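In: I'll drop the sequence and a predicted model, then ask my questions.
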Amino acid sequence: MSRILVVDDEPAIGWSLRERLGDEGHAVEVAASVETALETCGRFVPDALLLDVRLPGRDGLSALPDLKALAPEARVIVMTAFGDLDTAVRAMKGGAFDYLVKPFDLEKVSEVVCRALAAAPARAVATHPEADPSRGWHLVGTSAPMQEVFKQIALVAPTDLPVLVTGATGTGKDLAARAIHAHGPRRDRPFLATSLAALAPSVIESELFGHVRGAFTGATADRRGLFELAAGGTVFLDEIGEAPPDVQVKLLRVLEAREVVPVGSARSRQVDVRVIAATNRDLQAAIAAGSFRDDLFHRLNVFPVSMPALADRLEDIPQLVEWFLAGRGGPRPAPTAALLDALRTRPWPGNVRELKHAVEYACVVARGGSLQPEHLPPVLAGEQTAAVGTAAAEAVAAAVRGWVGEQWPADGVATGDLHARLVGLVEAALIDEALARVAGNRSAAARLLGVDRATLRARIDR
């Protein structure tokens, strides 16, 4: 039996966690404030601590050092309904074992508590001043997929490990790379980025590793490459999947020996940089095709971070829209509920970048007024076909027309709840199908449908 202290001011959550963890054989105490938690630790030293962030009076994260002083061996699991990157970083730097976002499954809590109790005591990571958002990066979102990204960044940022950021075009891979740098020990040193897809193959080597005078026609002087210019800082290699084979060999040498050989030189030079790479390509498939080195992939993929598509985090759209509008300066047009609903139903092959451009387009068309659906750019035919196959869309439309014909009153007077019944019928079928495809896992079904788990649970109950 282990001792667990739950610090949360919501009685329902405290009761639920005490019942669940108590049923699993643990001794559980509940405190509704930091002050009560500190008193409890004086007589009940916990092995694990479930700590809410927003508490009456003093917040949970600011109390972490005091709680750890009273219970130094306790594994801390931070809980919050208002997660963002800074919260995740503060939690991990404070020595938190894990980070849970409300609403959560009790099964998930049990799993995390089990891992925490089985793990070695967590160690606090040396703290650094918080990153300044004005430095040109900001990750926005409160959805479960983004919370996972925040947690991964918070874990890897204080280390010097290579990171491979993956995700489709427009998901914010460069922002993730900048966040890792800004929250790491090299934050006061240069962050230099380049896209290998934007460079001609003939100049990639010189751009990355430099060259000596006379190395090729036009090389009239020695030139330092990106790895030397970023001394002590971070090099971000976007579109790493586009690296030519000879460049891949040299990149492997940088990662393994921390040295570069400028073009035209026979002597190596030592470099001290952190490497973050990104790609929207399937590098495993590229390895199988022989266009990407297996050893370079494993050297880069020491700590992978996957950026979610916008379709997997539709609940973040209102927050993203507000962020884009705030960044425009001047009077801020108001997005209407109808606009936000329209944004949630559109296909987004270009992800967050495409959403940003759509908001900017709408602001121009609205000419200072509130933003309406008609102000959005037209959906390209290819995008609409990609989102919903034409044949499938026609089949659904035909089925709806047939159903409406069956329900139509004999006297032709259309009254009643036709819309509500059709929506309920379609929604029930959609939820059943989603649950069937993920073997009944409600969290996975919620991600598939693009709604949060609480919303899905309410709709299932209804």
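Out: Happy to help now that I have it. On a predicted model such as this, the values are computed, not experimentally measured, just so you know. Residues are numbered from 1 along each chain as shown.
In: for the stretch 101-250 of the chain, give me the ranges with low pLDDT.
Out: Low-confidence segments of the stretch 101-250 of the chain (pLDDT under 70): 119-137, 217-218.
In: would you map the strands across it?
Out: Assigned by DSSP state E, counting those that start in this stretch, the stretch 101-250 of the chain shows strands spanning 163-166, 191-195, 234-238.
In: which strands and helices lie in contact with the first one?
Out: I take that to be strand 163-166. helix 173-182, strand 274-279, strand 303-306 (3 or more Cβ pairs under 8 Å, 6 or more residues apart in numbering; DSSP states H and E). All C-beta spots, glycine's among them, are computed from the backbone N, C-alpha and C.
In: list the buried residues of stretch 107-123.
Out: Val109, Ser110, Val112, Val113, Ala116, Ala122 (16 or more other Cβ atoms under 10 Å).
In: mind saving the C-alpha coords of it as CSV?
Out: This file holds the C-alpha atoms of stretch 107-123, laid out as CSV (Å, rounded to 0.1, in the frame of the first residue of the first chain):
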residue,chain,number,x,y,z
GLU,A,107,-8.1,4.8,-15.9
LYS,A,108,-5.5,7.2,-17.1
VAL,A,109,-4.9,8.5,-13.6
SER,A,110,-4.4,5.0,-12.3
GLU,A,111,-1.9,4.2,-15.0
VAL,A,112,0.1,7.3,-14.3
VAL,A,113,0.1,6.8,-10.6
CYS,A,114,1.2,3.2,-11.1
ARG,A,115,4.1,4.3,-13.2
ALA,A,116,5.0,7.1,-10.8
LEU,A,117,5.1,4.7,-7.8
ALA,A,118,7.3,2.2,-9.7
ALA,A,119,9.7,4.9,-10.9
ALA,A,120,12.8,6.3,-9.2
PRO,A,121,12.2,9.6,-7.3
ALA,A,122,11.9,12.5,-9.6
ARG,A,123,14.7,15.1,-9.6
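In: what sits up against that stretch?
Out: With Cβ atoms under 8 Å, 6 or more residues apart in numbering as the test, stretch 107-123 has contacts from 2, 4, 17, 20-21, 24, 26, 47-48, 50, 72-77, 95-98, 100, 443.
In: derive a PyMOL selection command for the buried subset of these.
Out: Applied in PyMOL, the following selects the buried portion of the contacts of stretch 107-123 according to 16+ other Cβ under 10 Å:
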select buried, resi 2+4+17+20+21+26+47+48+50+74+75+76+77+95+96+97+98+100+443
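In: now, the buried residues of stretch 107-123 that are in helices?
Out: Within these, residues falling in helices by DSSP state H are Val109, Ser110, Val112, Val113, Ala116.
In: most widely separated two among the buried residues of stretch 107-123?
Out: Ser110 and Ala122 (18.8 Å; Cβ to Cβ).
In: sorry, back to before: so of the contacts of stretch 107-123, which ones are in strands?
Out: Ile4, Ala48, Leu50, Arg75, Val76, Ile77, Ala96, Phe97, Asp98, Leu100 (DSSP state E).
In: surely the first one touches Phe44?
Out: No: in this structure, Ile4 is not within contact of Phe44 by Cβ atoms under 8 Å, at 9.7 Å.
In: distance check, Asp84 against Leu61.
Out: From Asp84 across to Leu61, the span is 12 Å (Cβ to Cβ, to the nearest Å).
In: quick one: which of the helices and strands packed on strand 163-166 is nearest Ala91?
Out: Among these, helix 173-182 sits nearest to Ala91 (Cβ to Cβ), with 15.1 Å.
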